[in-house]
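> okay, predicted coordinates and the sequence, questions at the end:
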Amino acid sequence: MGLIDLLTGNTGSQVADQAENKFGINRNQVLALLAVAAPLIISYLRKKSEDNKEAEALNNALDKDHDGSILDDPSQLETRQAEGGSILNHIFGNDKQNVENQLSQNTGISIDKIGPVLAMLAPVIMGYIGKEKQQNNVGSGGLGDLLGGILGNASSQAQSQQSSPLNDILGSVLGGGNNSSSGNPLHDILGNILGNGDPKKQQGGGGLGDILGSFLGGK
């Protein structure tokens, strides 16, 4: 299962439904947030995994606590929210407040609700990575390649889904989607997060992908 399948399938819908019910957030706003935050979280983890100690710590955490069961058990979304907050603190570090501010500004979700929704998402992303890790029999030394592959596959899938419902949601919620160079908001966002240096993807008209891409540019 690819990352976009995760976001557009049952798991993404469950996160959106729970966030809508618990926090009163528009469902499309939640889905747009997930579509941007999920690859951003994975990209930060990939950067961290370049450090051997961080890679070993991530590997141990995945083996111990993230077997992917959360993907089939939506009851864990709420019970593991506190754990999700700790995960985000570690992943984003000093960038956390800046990330949340930008996500709030661009999705229209109030800053006091961004953190709790991301905390619901974090264990899901960790569970997804843990499941992929198990299926591909990857150890700590291969985590960077695994995470890079997840992002690369998501970018390829986004490019082929020009008219997907998720792109329509992103275009309507984030704004500026129609001004992006490819006309495909999700692909542009992923391109910027991946930081692949393609100038066509650096002309996103000030969209969220450009802003988030700049967070990772100096790392």
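Arrived safely.

> which element is the residue nearest the centre of the chain on?
Nearest residue to the geometric centre of the chain (C-alpha atoms, centre = their mean): Ala38, 0.8 Å. For Ala38, the element it lies in under DSSP states H and E is helix 27-48.

> any weak-confidence spans in this protein?
For the chain, applying pLDDT under 70 flags the ranges 162-163, 176-182, 195-219.

> show me what counts as buried in stretch 146-155.
Buried residues in stretch 146-155, defined by neighbour count with 16 or more other C-beta atoms under 10 Å: 146-147, 150-151, 154-155. To be clear about C-beta, it is placed using only N, CA and C from the backbone, and glycine gets the same treatment.

> ok, residues contacting that stretch?
Residues from elsewhere that reach stretch 146-155, judged by C-beta atoms under 8 Å, 6 or more residues apart in numbering: 2-4, 39, 42-43, 45-46, 49, 129, 132-133, 136, 138, 187, 190-191, 193-194.

> list buried residues within these.
Among the contacts of stretch 146-155, those classed as buried by 16+ other C-beta under 10 Å are 2-4, 39, 42-43, 45-46, 49, 129, 132-133, 138, 187, 190-191, 193-194.

> that older thread, could you export the buried residues of stretch 146-155 as JSON lines, including distance to Ile87 and secondary structure?
JSON lines is the format used below for these (distance: C-beta to C-beta, whole Å; DSSP: H, G, I helix; E, B strand; the rest coil):
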{"residue": "Leu146", "distance to Ile87": "18", "secondary structure": "helix"}
{"residue": "Leu147", "distance to Ile87": "15", "secondary structure": "helix"}
{"residue": "Ile150", "distance to Ile87": "17", "secondary structure": "helix"}
{"residue": "Leu151", "distance to Ile87": "18", "secondary structure": "helix"}
{"residue": "Ala154", "distance to Ile87": "20", "secondary structure": "helix"}
{"residue": "Ser155", "distance to Ile87": "24", "secondary structure": "helix"}
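
> and the two most separated of those?
Leu146 and Ser155 (15.3 Å; C-beta to C-beta).

> which residues touch Gln76?
69-70, 123.

> ok, now with 7 Å
Gln76 sits next to 70, 123 when contact means C-beta atoms under 7 Å, 6 or more residues apart in numbering.

> for the longest helix seen in the chain, packing partners?
Taking DSSP state H as the criterion, the chain has its longest helix at helix 111-136. The contact analysis (3 or more C-beta pairs under 7 Å, 6 or more residues apart in numbering; DSSP states H and E) places helix 111-136 against helix 10-23, helix 27-48, helix 52-65, helix 81-92, helix 96-107, helix 143-160.
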